[in-house]
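Q: Next one to model:
(chains A, B and C)
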Amino acid sequence: MNIYLLQVINGIGIGMLYFLLAVGLSIVFGLLRFVNFAHGAFYLIGAYFCYQMTRWGMSFWLALVVVPVVVGAIGWATEKLILRHVYATDHEFHILVTVGLALAVQELVILQWGPLGDSVAVPDVLQGVVMWGSFIYPKYRLFVIGFTAVLAVLLWWVLEGTRLGSAVRAGSESTEMVSLLGINVLRIFSLVFGLGAATAALAGVLASPIRGAEPFMGIEALAVAFVVVVVGGMGSFSGALLGGLMIGIVQSVMSTLWPEGARLMIYVAMAAVLLLRPHGLLGRKE
Amino acid sequence: MKKYTHFIFAAVVVAAMPLLMQSGSLASEVLIFALAAMGCNLLLGFTGLLSFGQGIFFGLGSYTLALMLTRWPVPMPLALLLATVMGALGAAVVGWVAIRQRGTYFVMLTLAFAQMFYFVAYTATGLTGGDNGLMDIPRPNLSVFGADLWTLASPWQFYGFVSVIFLVVFWLLLKVSRSTFGRTLLAVRDNEERAAAIGYNLRLLKLQVFVISGAVTGLAGALHAMMTGLAPLSNAEYHTSEMILVMTVIGGTGNLFASLLGSAFYLLLADWLSQLWPRWLLLLGIALMAVSLWMQRGLWGLGETVWNRLQGHRKQSADTVVAPSAAAVPAKGEQA
Amino acid sequence: MSPKTPILLEAIDVEKHYGKFAALGGVSLQVRANTVHSVIGPNGAGKTTLFHMLTGTKTVSGGRILFDGQDVTHEPDHRRVQRGIARSFQVTSLFLSLPVRENLRLGAQGVQPARALNPWHEPVGARAQSQVIDAVLSKVGLENLADTPAGNLSHGQQRRLEVGMALAARPKAIFLDEPTSGMGIDDLDDMKRLIKSLRDEHTVVLIEHNMNIVMDISDTVTVMQMGRVLAEGMPHDIRSDERVRTAYLGNMITGGKA
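A: Modelled structure (predicted):
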């Protein structure tokens, strides 16, 4: 099978995971004006909770449902109990409190599961490859693409179709207006933050059979999430999707041509966007 | 006399460390990272610029010194100077680009640059040794025309050398912080738009502080390479930038001596705790959160509060700047 | 005020568009030296936009601006500060963590911004510009609060400091954007006296909603509506102008001396 086609499909798969990882960060920024440096930590514990559940003999499918809910609740509680108190201070401290949180979570993970990292098995029904003529591709990766696509549609529906979604979108425009309309802005903040954490954790669960669970994956995930959010546009759902796919495909294709350059290129792209069009490809102009 | 209080504090700490500590290397490390933290403080505490790129300048300093001392017969003082200059140049480039954006976009630009530098350092193995870094960096004695003035071989001898450099740089930075330039930076930190509206050239001001910060951080990186004999890739990693930021914030922003406090706190805690409990960074993460939430003026602020309570009246040191949020809640301007 | 007083500042057919929206549609204005020239009008009339054009805070879409005989149309605000144009802001914009004295020093220093890059010398002695600062402190009545952080001042005191910062630049023309906004009765009188006293050494251009002040202290009043000049003249002429009354829906022009 054509190696470039393979890499493009890999890129789509990675890109969809990047989208899932980044969309929470983007929406949180759009609404809370908050750059959450602890976002990667939610991805991290998503992967590890999934690992732990499979260690306890539970099915991957159960983890896929339970872990995002649990981590989402943790995210919700974090915003309510900790982050809320920092809004009144200088913006540097918004960032720094989440840096501290990320560091603490990473150490807690190592404390609990050790510094080395573990692997998560692909669920039985998805093991092996799909063969269709000359097209051969791992089943699990196809599942990831399909599942995240469905999830993207679901998230889109929540944002566009529900009252919560409307409140979030309105709040991204102006939190003052939203509170004048009688909507409890603080409660929405917590919910949105929790949703962001849940999607990041879900990305972690989905990624774990491919990448395993490893304590430093949070930092790496955060860096990539930043690139996707910047390129796609902070606060934009479709920007996260477009950005995720672009970065995923570029990275995947480049990995056959010039592996180290691939990582370098995405950060150059990030810097270029920040300089030339800081609101990203699909973001709203400030 | 009041003007020099902080310098005296610093000198006292420098003199006290050999008396109280056993490891000369650790003491040198405290001063080296205090230099880096002061560089970070100039950006964050004085100008309001949160930079995740300090590791770039630290790494540049290390690599430059390593190359100067291992590949070419460059005298050590010149190598140190060149490392400082490289730090300044790197900061000029990063700064010139990054200050085109403000706020969150600025922070993310410094992150992007830090990552770029990391991957360039990783791939340019001819210059940087890639993943292995550069090794076997000598520690030549300080000599003039072949005559040895100062042996630096033992840890405490090296500490003496570092402490002189530290005190000189500290004094220079104190002068900068009190200068017209330093005072204008505070205005930029408080209210950029107004500063621009009343006539100041924000770009030049920010660029100048970047260059000074980069120079000091590059010097720190070079001294670190001399001390450990290594210029590892990890100097360019996110964790180094994070560490420098943590020291700066925990010590206290807006006060140069506080950076020495922050560096000492971090490194001494690390040294003491890491033997007892390898996961001591957890406490540090929690400490960072606590400072961000409740103690924005850091250890120095804490010390000041305690001192004022003991004294029974409120006063503020001449060399500490108050962060805008620490001032009383301002009356809100209303729209007519 | 003699008609022969020289014109310090002139706007000629100034336009400003934000996309399709025309904030200013050809405004011409002449401000004479050492006068108090007020600009009034309903909300949305374009008063603050006109200020932005005259002070250089934002760029014009069309027209010209002359200051002291020179064409300054394309000069940004920090360049115009050096020529002698300074402004205060409608929403208080001070350096809150810094003492009042330092705020003023920064305002005074802004006229020579290159000095601000000096990383060695402290602003003491001659560099401290104490004379200017002390003069401004007494003019705005903040001598006793010189060492207080600006964030700790009352609203009225902060509004006075706003004016003070513009004064510290020793401008030829000082632009005050709603200097009394949000002020209580006591503060209002102080501000009125302050503005009146500025006429001798400066030219004052004023946006105000408080008609008492406008009618009482202005030499010239320009009325704006929907991005254009509706009427211009001396206070009592404006007060009795039919078009102006209609623009303000009749009875809002009150106060001042008959």
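Q: so residue A:282 sits in a strand?
A: No: per DSSP: H, G, I helix; E, B strand; the rest coil, residue A:282 lies outside any strand segment and is coil.
Q: nearest residue to it other than its sequence neighbours?
A: Distances taken as Cβ to Cβ, 6 or more residues apart in numbering or on different chains put residue A:239 closest to residue A:282, at 3.6 Å, once the chain neighbours are dropped. Placement of C-beta: from N, CA and C, glycine included.
Q: That neighbour contacts residue A:279, correct?
A: No: taking Cβ atoms under 8 Å as the definition, residue A:239 is not a contact partner of residue A:279, at 9.1 Å.
Q: what is in contact with those two at once?
A: Common neighbours of residue A:239 and residue A:279 are listed as residue A:233 (criterion: Cβ atoms under 8 Å, 6 or more residues apart in numbering or on different chains).
Q: Please work out the average pLDDT along stretch A:210-219.
A: Averaging pLDDT along stretch A:210-219 yields 89.
Q: neighbour count winner among residue A:239 and residue A:279?
A: Between residue A:239 and residue A:279, counted using other Cβ atoms under 10 Å in any protein chain shown, the more crowded position is residue A:239 (27 against 18).
Q: can you tell me which residues contact the most centrally placed residue in chain C?
A: Chain C has residue C:175 as the residue nearest its centroid, 1.6 Å off, counting by Cα atoms, centre = their mean. Listed by Cβ under 8 Å, 6+ apart, the contact set of residue C:175 reads C:51, C:54, C:55, C:85, C:86, C:87, C:88, C:166, C:205, C:206.
Q: In the stretch 1-150 of chain C, what residue comes closest to chain A?
A: Using Cβ to the nearest Cβ, residue C:97 is the residue of the stretch 1-150 of chain C that sits closest to chain A, at 10.6 Å.
Q: for chain A, what spans make up the helices?
A: Taking DSSP state H, the helices of chain A run over residues A:3-32, A:39-55, A:60-81, A:91-113, A:139-161, A:163-173, A:175-180, A:185-211, A:217-232, A:237-257, A:259-276.
Q: Of the ones you listed, which shows the lowest average pLDDT?
A: Sorting the helices of chain A by mean pLDDT places helix A:175-180 lowest, at a mean of 66.
Q: Pass me the low-pLDDT residue ranges in the stretch 151-300 of chain B, would you?
A: For the stretch 151-300 of chain B, no stretch has pLDDT under 70.
Q: Spell out which residues of it are next to chain A.
A: B:238, B:242, B:245-246, B:249, B:279, B:281-282, B:284-289, B:291-293, B:296 (Cβ under 8 Å from any Cβ of the partner chain).
Q: mind running it again at 7 Å?
A: Within the stretch 151-300 of chain B, the positions lying close to chain A (Cβ under 7 Å from any Cβ of the partner chain) are B:238, B:242, B:249, B:279, B:281-282, B:284-286, B:288-289, B:292-293, B:296.
Q: what two of those residues are the furthest from one another?
A: Greatest spacing in these, by Cβ to Cβ: B:279 and B:296 (26.1 Å).
Q: tell me the contacts of residue 17?
A: Went with chain A since none was named. Applying Cβ atoms under 7 Å, 6 or more residues apart in numbering or on different chains, we find residue A:17 in contact with A:144, A:148, A:203, A:206, A:207.
Q: that answer is for a different chain, and I need it for chain C
A: Residue C:17 makes contacts with C:23, C:61, as judged by Cβ under 7 Å, 6+ apart.
Q: change it to 10 Å
A: C:23, C:24, C:25, C:60, C:61, C:62, C:227 (Cβ atoms under 10 Å, 6 or more residues apart in numbering or on different chains).
Q: Tell me the buried residues within those.
A: If you count burial by 16 or more other Cβ atoms under 10 Å in any protein chain shown, the buried members of the contacts of residue C:17 come out as C:23, C:24, C:25, C:60, C:227.
Q: neighbours around whichever residue of chain A sits closest to chain C, how many?
A: In chain A, the residue that lies nearest chain C is residue A:90 (10.6 Å; Cβ to the nearest Cβ). For residue A:90, the count of nearby residues is 20 (other Cβ under 10 Å).
Q: does chain B sit close to stretch C:98-117?
A: Yes: part of stretch C:98-117 sits near chain B under the criterion Cβ under 10 Å from any Cβ of the partner chain, namely C:98-99, C:102-103, C:105-117.
Q: For the buried ones among the contacts of residue C:17, give me JSON lines that also has pLDDT, distance to chain A and secondary structure.
A: JSON lines is the format used below for the buried ones among the contacts of residue C:17 (pLDDT from 0 to 100; distance: Cβ to the nearest Cβ, whole Å; DSSP: H, G, I helix; E, B strand; the rest coil):
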{"residue": "C:23", "pLDDT": "87", "distance to chain A": "19", "secondary structure": "strand"}
{"residue": "C:24", "pLDDT": "89", "distance to chain A": "23", "secondary structure": "strand"}
{"residue": "C:25", "pLDDT": "87", "distance to chain A": "25", "secondary structure": "strand"}
{"residue": "C:60", "pLDDT": "90", "distance to chain A": "22", "secondary structure": "coil"}
{"residue": "C:227", "pLDDT": "88", "distance to chain A": "24", "secondary structure": "coil"}
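Q: show me the contacts for residue 164.
A: With no chain named, the answer covers chain A. With contact taken as Cβ under 10 Å, 6+ apart, residue A:164 is in contact with A:158, A:183, A:188, A:191, A:192, A:195.
Q: ah, no, chain C please
A: When contacts are counted by Cβ under 10 Å, 6+ apart, residue C:164 touches C:88, C:94, C:100, C:103-104, C:107, C:133, C:136-137, C:139-142, C:157, C:194.
Q: coming back round to it: using CSV, please lay out the helices of chain A together with distance to residue C:150.
A: Below are the helices of chain A laid out as CSV (distance: least, Cβ to Cβ, whole Å):
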stretch, distance to residue C:150
helix A:3-32, 29
helix A:39-55, 37
helix A:60-81, 33
helix A:91-113, 20
helix A:139-161, 43
helix A:163-173, 32
helix A:175-180, 25
helix A:185-211, 30
helix A:217-232, 36
helix A:237-257, 40
helix A:259-276, 33
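Q: helices and strands around the helix or strand hosting residue C:135, which ones?
A: Residue C:135 belongs to helix C:130-140 when assigned by DSSP states H and E. Other helices and strands packing on helix C:130-140, by 3 or more Cβ pairs under 10 Å, 6 or more residues apart in numbering or on different chains; DSSP states H and E, are helix C:100-109, helix C:155-168, helix C:185-197.
Q: Give me the buried positions along stretch B:151-159.
A: When burial is assessed from 16+ other Cβ under 10 Å, stretch B:151-159 yields the following buried residues: B:152, B:157, B:158, B:159.
Q: So the last one lies in a helix, does it not?
A: Spelled out, that is residue B:159. Yes: checked against three-state DSSP, residue B:159 lies within a helix.
Q: pretty sure it contacts residue B:15?
A: No: counting by Cβ atoms under 10 Å, residue B:159 does not reach residue B:15; the two are 11.1 Å apart.
Q: Which positions in the stretch 51-200 of chain A make contact with chain C?
A: Neighbours of chain C within the stretch 51-200 of chain A, by Cβ under 10 Å from any Cβ: none found.
Q: Could you tell me which ranges of the stretch 151-258 of chain C sit under the pLDDT cut-off?
A: Along the stretch 151-258 of chain C, segments meeting pLDDT under 70 span C:248-258.
Q: related to what we said a few turns ago, could you identify the buried members of the residues of the stretch 151-300 of chain B next to chain A?
A: Buried members of these, counted by 16+ other Cβ under 10 Å: B:238, B:242, B:249, B:279, B:281-282, B:284-285, B:288-289, B:292-293, B:296.
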